[in-house]
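1. based on what follows, work out the 3D shape:
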Amino acid sequence: MQMKPRALIFLAVILTTASCGSPEKSEPVQPEQTGIQTAPSPAPEIPRYPPAPDLPPAPDTLRIAVISDINGSYGTVGYSPQVHAAVSDIVSRGYDLVVSPGDLVAGQRQGLDYDAMWRAFHYEIGDVFFDNNLEFIFAPGNHDASAYAGHETERQAYARAFENRRPKAPLLVGSHFPFYYGVVIRDIRVIALDITRPLRDDDPQLDWLSEVLAAPDKPRLTLVLGHFPLSPVHFTHFWDIAGSRRLQSILESTPDLIYISGHNHVYYPGHIGEVRTIAAPSLGAGARRLMGAPAVSGYVQIVVPPQAPARVTALVAPDFKRMVNRAALPEVVFSTEREDVGMARYIVDLIDDEAH
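-> Next comes the predicted model:
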């Protein structure tokens, strides 16, 4: 076969390069020769888990602990040593109130022993708080009482588990305990919503919520508990959100309010528009990573000083002596901005000023 001229030229170039060996390495160009500026030394890494602050004294300050997703794998009866350690820590620190956005037991499958799981919950968790004069206010989670079709038996077991275990504080008018209800404790209004599937705008509990929040008596702070977040906080449960524009509008119209969710198993203190939010970390199984931040388990501490915004801290398992550094978290997660970013910056400036 006769080679074409272009092919002959190409072959000659290859043979010439091979015979000459590797070219000599040139001297590196110095930055001053080109006007290129050297990169600055990298900033020191932000400490993710600095020591947690001491809990302030109680006379005029309300201290609230938030536990979420304390369940183990499907059908687990009882709780992990980490959950027991958190309960002991909460009791020993002397909080005034404990709240949860749900997933107290390991359900959402047919054929599980729900009565046994709820007995274990009462014995290991609920009764411990009760015996130590800690009011415990909770919302249903999808593993407790899923509102999706096919889980009616679980919702019945959930209702049955709390027939004789109502809060000590009087329920707000129109409450449907233990699914959606509210109480007022030391000038803090706590409302639990039944959000184990996205809400429709015509959901009856939103009519009730709107009436409750429009009441003339204005508390120091309102906490709204809902298992699903207002916006995704982790890609694993991207579609599991509260889903109601009406709910967002109702919350936005209420000053001094924090919406607390679980389900995503990550900690993220943030805001959506002017609604302050807390995504609570899982205390039980299944902690997840948050956009580069390591997976963390623990519980959340809310400190409500007199005439000042609430301060939010996540205490890290297993000893709860360290906290999550807010600055080490992403500035934005989907539609949620970190609590010190954007429109909510003024809130955190007030918090930081008050703390110092």
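
2. can you give me the strands in the stretch 251-356 of the chain?
-> Using DSSP state E, counting those that start in this stretch, the strands of the stretch 251-356 of the chain run over residues 257-261, 268-272, 275-279, 298-304, 311-316, 322-323, 332-333, 336-338.

3. quick one, the second one and strand 257-261 angle?
-> Inter-element angle recorded for strand 268-272 and strand 257-261: 130 degrees (by axes from the mean of the first three to the mean of the last three C-alpha atoms, to 10 degrees).

4. re the thing from before, can you redo the strands of the stretch 251-356 of the chain as a markdown table with mean pLDDT and mean neighbour count?
-> Yep, even glycine has a C-beta here, placed from its N, CA and C like the rest. Shown next, in a markdown table, are the strands of the stretch 251-356 of the chain (pLDDT from 0 to 100; neighbours: other C-beta atoms under 10 Å):
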| stretch | mean pLDDT | mean neighbour count |
| --- | --- | --- |
| strand 257-261 | 98 | 25 |
| strand 268-272 | 95 | 25 |
| strand 275-279 | 97 | 26 |
| strand 298-304 | 97 | 24 |
| strand 311-316 | 96 | 22 |
| strand 322-323 | 97 | 19 |
| strand 332-333 | 92 | 18 |
| strand 336-338 | 94 | 21 |
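
5. what is the burial count for the residue lying closest to residue 244 once chain neighbours are set aside?
-> Spatially, and ignoring its direct neighbours in sequence, residue 244 is nearest to residue 199 (4.1 Å; C-beta to C-beta, 6 or more residues apart in numbering). Residues near residue 199, counting by other C-beta atoms under 10 Å, number 22.

6. just checking, residue 199 touches residue 227?
-> No - with contact defined as C-beta atoms under 8 Å, residue 199 and residue 227 do not form a contacting pair (11.3 Å).

7. using PDB, write out every CA atom in stretch 213-221.
-> Written as PDB, here are the backbone C-alpha positions of stretch 213-221 (Å, rounded to 0.1, in the frame of the first residue of the first chain):
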ATOM      1  CA  LEU A 213     -51.900  32.400  65.800                       C
ATOM      2  CA  ALA A 214     -54.300  35.300  65.400                       C
ATOM      3  CA  ALA A 215     -55.200  35.300  69.100                       C
ATOM      4  CA  PRO A 216     -54.800  38.700  70.800                       C
ATOM      5  CA  ASP A 217     -52.400  37.300  73.500                       C
ATOM      6  CA  LYS A 218     -48.900  37.500  72.000                       C
ATOM      7  CA  PRO A 219     -46.400  35.100  73.600                       C
ATOM      8  CA  ARG A 220     -42.700  35.800  73.900                       C
ATOM      9  CA  LEU A 221     -42.000  33.000  71.300                       C
END
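
8. save the strands of the stretch 251-356 of the chain as a markdown table, and put in distance to residue 212 too.
-> Formatted as a markdown table, the strands of the stretch 251-356 of the chain follow (distance: least, C-beta to C-beta, whole Å):
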| stretch | distance to residue 212 |
| --- | --- |
| strand 257-261 | 12 |
| strand 268-272 | 21 |
| strand 275-279 | 16 |
| strand 298-304 | 19 |
| strand 311-316 | 23 |
| strand 322-323 | 32 |
| strand 332-333 | 29 |
| strand 336-338 | 25 |
